[in-house]
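**Student:** Dropping the sequence and predicted coords here.
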Amino acid sequence: MAAGGFCKLPNGSVVVALNLPSPAADGPAGVRVLVHAQNRARALTRLRNLGLRSVYLRGNAAPPTPDEITAVLHHPDGLIWRTAPGSAVGGPELMTELWHPIRALLRRPAAPA
C-alpha cells in the first residue's frame, strides 16, 4: 500500500500525492507522484489509465506540501513525479531534484539492436 494524501483547493479541484514503488525496473527505488484533477477518483483514474493499476488512496497520511501543489499546478499535464524522500542514499540531493513529467517515468527502454 502506498502512502499518500490529498489537498482540496479553493476552486474545488484536488491535488493527490502518492509515494509508490517505481514502475520502471531500472528506475529509482520509490517515487512521489502528484496528480491534479477535479476530484480524488479522477486523479486515481488518471494513474490507472497510465498502467498503474493497483493505486489506492486510503487516508491522508502524506498530503502534498504547498511547494508540491505549486509544482503540479504549474505543469501543463498536471501529473508529475520525482524520487520519493528517503528512498535514496544521501538525502540532501533530493531537495534539488526537479519534478519530471510522468511520461519520463513510464517510458519503456529501447530494445537493444
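**Tutor:** On my side now, so go ahead.
**Student:** so which strand or helix has Gly5?
**Tutor:** Per DSSP states H and E, Gly5 falls inside strand 4-8.
**Student:** can you list contacts of that strand?
**Tutor:** Residues from elsewhere that reach strand 4-8 (Cβ atoms under 8 Å, 6 or more residues apart in numbering): 14-19, 40, 43, 57, 59-64, 69. Every residue, glycine included, has its C-beta placed from N, CA and C.
**Student:** Can you list the strands that that strand pairs with?
**Tutor:** Strand pairing for strand 4-8, determined by DSSP bridges: strand 14-21 (antiparallel).
**Student:** Point out where this structure drops to low pLDDT.
**Tutor:** For the chain, the stretches with pLDDT under 70 are 1-2, 22-29, 86-96, 107-113.
**Student:** one more time with 80
**Tutor:** For the chain, the stretches with pLDDT under 80 are 1-3, 21-29, 53-54, 84-96, 105-113.
**Student:** Spell out the residue ranges of the helices in it.
**Tutor:** Under the criterion DSSP state H, the chain contains helices at 40-49, 66-73, 102-106.
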